[in-house]
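Chemist: what's the 3D shape of this:
(one chain, ligands or ions: 1)
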Amino acid sequence: MSELNSSIQPLRWQAGKLVMLDQRRLPLEQVWLEFESCGDVALAIRQMVVRGAPAIGIAAAYAVVLASRYAWAKKGTIWKQAMTRPLRDLAVSRPTAVNLQWAINHMQRRIDALPNNQQPEAVLLDAAKAIHDADITDNKTMGRLGAELIQPGSTVLTHCNAGALATGGFGTALGVIRQAHSEGKISRVYVDETRPWLQGARLTAWELMRDHIPCVLQADLAAAALLATGKVDWIIVGADRIAANGDVANKIGTYGLAVLAQYHQVKMMVVAPTATIDWQCESGSRIPIEQRERREVTHIGQHRHAPYEVEISNPAFDVTPAELITAIVTETGVVKSPSAVTMQSLRERRNTI
Ligand SMILES: CSC[C@H]1O[C@H](OP(=O)(O)O)[C@H](O)[C@@H]1O
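Modeler: Numbers count the residues shown, from 1 in each chain. Here you go, the predicted structure:
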């Protein structure tokens, strides 16, 4: 526990290696794994050792550094030619979180700007660390902007994990919850367990308990009855890809919560950095939805609880239409009643690193 401070650093660069907390083993075990190759980081993203859109982007940025070291050692001044395949394999490790491609594109621009005869590792490491540091700063900014929308004594519901573990630290949705709680505005946080991977039960509940934020863990299917009680003021979630019109792809189950929120007059907040906005994606219908392994549905741990050959559907995300969202909170500002028109205000203010 000594390695984890209250903001929980899920990944870090140490002694020329990427070191990541194995989120598959939390909360019972805290195991840090070391990665020395881009391919191993791509596999770690695919297997959800590291997960969460911003954390995936940061891990990918560090993976590009690892790829550059190998390429320079193998190819010398023609190292750039050896970067195409590792970056392509990295890009396809998970299809929905656009932060992955955003980070690779950001690093590719730095690769393109480097002289062929310059050893790239130091420059690319600085670029990766800048992405990591900016993410934490942006999360603190979003925390403040989101907390401004919350009235004292609020009860909120969150789904999946959009906390320190899903980012470079502090969190997006949990960053707002952390900030609002520090301002005395949060009386209780309900946490959906978030089947099938249980990010809520295993990760969000763990983060909130470590920060002494009052939380109640519930089965996903309990959310409807909870909202019907009128106790909940806000549903606050993260995002994996936001379309140009404000449609939001997030963990499976988010869309159902948004429909319930509208029916029960509960406000819906999405918190995400502008790196999660895909301006080339005009609407949510164009967002690729990851289909994951059947075992995640048929098993919990080593225990199988479904018939062996039953057909399985395991989409990792769904899409919430913009009209069901009260506000999208980013590091450059808040868009209320998101739409293709109102989202444009973010485009003008998008920061660059
Ligand atoms: C701060 S983004 C977190 C976002 O990512 C999660 O998906 P996964 O755990 O599969 O990577 C979930 O959609 C969260 O909202």
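Chemist: the longest strand along the chain and the ligand in contact?
Modeler: If you go by DSSP state E, the chain has its longest strand at strand 186-192. No. Against the ligand, strand 186-192 shows no contacts by C-beta under 6 Å from any ligand atom, the least distance being 11.0 Å. No exception for glycine: its C-beta is placed from N, CA and C like everyone else's.
Chemist: mean confidence score for that strand?
Modeler: Across strand 186-192, pLDDT averages out at 98.
Chemist: list the buried residues of that strand.
Modeler: Neighbour counts using 16 or more other C-beta atoms under 10 Å place 186, 189-192 of strand 186-192 among the buried residues.
Chemist: is any residue of stretch 88-95 near the ligand?
Modeler: No. Counting by C-beta under 6 Å from any ligand atom, the ligand has no neighbours in stretch 88-95; the shortest distance is 7.2 Å.
Chemist: list the residues that contact the closest residue in space to residue 173 that isn't next to it in sequence.
Modeler: For residue 173, ignoring the flanking residues on the chain, the nearest one in space by C-beta to C-beta, 6 or more residues apart in numbering is residue 162 at 3.6 Å. For residue 162, the contacting residues are 52, 171-174, 237-239, 271, by C-beta atoms under 8 Å, 6 or more residues apart in numbering.
Chemist: what segments of the stretch 151-300 of the chain are strands?
Modeler: 154-158, 186-192, 215-218, 234-237, 241-243, 248-251, 267-271, 277-278, 299-300 (DSSP state E, counting those that start in this stretch).
Chemist: ok, then the element right after the last one?
Modeler: What that stands for is strand 299-300. Later in the chain than strand 299-300, the nearest helix or strand by DSSP states H and E is strand 303-304.
Chemist: list the strands paired with that following strand, with their directions.
Modeler: Partners of strand 303-304 in the sheet, by DSSP bridges, are strand 299-300 (antiparallel).
Chemist: now the strand it pairs with, how far from the chain's geometric center?
Modeler: 23 Å (C-alpha atoms, centre = their mean, to the nearest Å).
Chemist: again with stretch 275-292
Modeler: Counting by C-alpha atoms, centre = their mean, stretch 275-292 comes out at 14 Å from the chain centroid.
Chemist: and for stretch 283-301?
Modeler: Per C-alpha atoms, centre = their mean, the centroid offset for stretch 283-301 relative to its chain is 15 Å.
Chemist: how about that stretch: buried residues?
Modeler: Buried, per 16+ other C-beta under 10 Å, within stretch 283-301: 284, 287, 289-290, 292, 294, 296-298.
Chemist: quick one: end-to-end length of it, please.
Modeler: From its first residue to its last, stretch 283-301 covers 36 Å (C-alpha to C-alpha, to the nearest Å).
Chemist: again, but for stretch 19-36
Modeler: Stretch 19-36: ends 9 Å apart by C-alpha to C-alpha.
Chemist: tell me the mean pLDDT for stretch 284-300?
Modeler: Mean predicted lDDT for stretch 284-300 stands at 97.
Chemist: what lies in contact with that stretch?
Modeler: So stretch 284-300 is contacted by 94-96, 196-197, 241, 243, 245, 247-249, 278, 281, 304-306, 308, 310, 312-322 (C-beta under 8 Å, 6+ apart).
Chemist: anything in it near the ligand?
Modeler: No. Stretch 284-300 stays clear of the ligand (C-beta under 6 Å from any ligand atom), getting no nearer than 7.6 Å.
Chemist: let's see that stretch as PDB, backbone CA atoms only.
Modeler: Extracted in PDB, the C-alpha atoms of stretch 284-300 (Å, rounded to 0.1, in the frame of the first residue of the first chain):
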ATOM      1  CA  GLY A 284     -22.200   8.200 -32.200                       C
ATOM      2  CA  SER A 285     -23.400   5.800 -34.800                       C
ATOM      3  CA  ARG A 286     -19.900   6.000 -36.300                       C
ATOM      4  CA  ILE A 287     -18.000   5.000 -33.100                       C
ATOM      5  CA  PRO A 288     -16.500   1.500 -33.200                       C
ATOM      6  CA  ILE A 289     -17.800  -0.600 -30.300                       C
ATOM      7  CA  GLU A 290     -15.300  -3.100 -28.900                       C
ATOM      8  CA  GLN A 291     -16.700  -6.700 -28.600                       C
ATOM      9  CA  ARG A 292     -14.700  -8.500 -25.900                       C
ATOM     10  CA  GLU A 293     -14.100 -12.200 -25.100                       C
ATOM     11  CA  ARG A 294     -17.000 -14.500 -24.100                       C
ATOM     12  CA  ARG A 295     -15.100 -15.600 -21.000                       C
ATOM     13  CA  GLU A 296     -15.700 -12.200 -19.400                       C
ATOM     14  CA  VAL A 297     -19.500 -13.000 -19.400                       C
ATOM     15  CA  THR A 298     -19.400 -16.700 -18.700                       C
ATOM     16  CA  HIS A 299     -16.900 -16.600 -15.800                       C
ATOM     17  CA  ILE A 300     -16.100 -14.600 -12.700                       C
END
